[in-house]
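K.L.:
Sequence and predicted structure are below.
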Amino acid sequence: METDILAESVKHNTNNNNNNNITTMDSLDARLNFSKKLSVLQPSRQASQELATLLIRRADLKDDLYPVIMETLDSVDLNIRVNIFGFIEELINLDIERVYLRSLISDLPIIMVKLLPRKEQHQGANSLADDPHRLLMNIHSYGFE
């Protein structure tokens, strides 16, 4: 009997987890859910559009959800970072009210630095063209917005 209750509990929790939707969550749950979805984002336009649509629906949580994009870029591998860049493109295209646009534009140099693969420092990199990270940080230091 105890195993039946446990099995029912696991089944109930699994069903609840599958039905989680950012649109009905409080800010902490939405942040955790968004972070998880962004961390495993598939390289498809449909996946990026679905996630961008969820983010736009919760524009009221912009201050909680937008930083997750920047945090996730720091914690995932290059393939997921590229997928996130595709997601950002879809977010810009779908964000008719431009809720996220200003933040994305001001953070674009930082996003690009996080997106680009890390390059080993070598002695010959004197020009900005040899070091895209340095180039983008210089753009950011001029207040590109």
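P.N.:
That came through, no problem.
K.L.:
what's the average pLDDT for stretch 99-109?
P.N.:
In this model, stretch 99-109 carries a mean pLDDT of 90.
K.L.:
And that stretch, what's buried?
P.N.:
Across stretch 99-109, burial judged by 16 or more other Cβ atoms under 10 Å covers 99-100, 104, 107-109. In this view, the C-beta of every residue, glycine as well, is placed from N, C-alpha and C.
K.L.:
Which pair of those spans the longest distance?
P.N.:
Val99 and Pro109 (20.6 Å; Cβ to Cβ).
K.L.:
Helices along the protein, start to end?
P.N.:
Secondary structure of the chain (DSSP state H): helices at 2-18, 27-39, 45-57, 62-75, 78-94, 101-115, 132-141.
K.L.:
which of the ones you listed has the lowest average pLDDT?
P.N.:
helix 2-18 (a mean of 38).
K.L.:
My read is that Pro43 contacts Ile84, right?
P.N.:
No - counting by Cβ atoms under 8 Å, Pro43 does not reach Ile84; the two are 10.3 Å apart.
K.L.:
if you count what's nearby, which of these two comes out ahead?
P.N.:
Comparing Pro43 with Ile84 by other Cβ atoms under 10 Å, the one with more neighbours is Ile84, at 24 against 11.
K.L.:
What is the neighbour count of Leu65?
P.N.:
Neighbourhood size, Leu65 [other Cβ under 10 Å]: 22.
K.L.:
From Ile56, how far off is it?
P.N.:
10 Å (Cβ to Cβ, to the nearest Å).
K.L.:
for Val113, same thing?
P.N.:
Relative to Ile56, and taking Cβ to Cβ, Val113 is found at 26 Å.
K.L.:
cool, and Met70?
P.N.:
For Met70 relative to Ile56 (Cβ to Cβ), the value is 18 Å.
K.L.:
Also Asn33?
P.N.:
15 Å.
K.L.:
again, but for Lys36
P.N.:
18 Å.
K.L.:
Neighbour count: those two, which is higher?
P.N.:
Ile56 (16 against 12).
K.L.:
these two touch, right, that one and Leu94?
P.N.:
Yes - applying Cβ under 8 Å, one finds Ile56 in contact with Leu94, separated by 6.0 Å.
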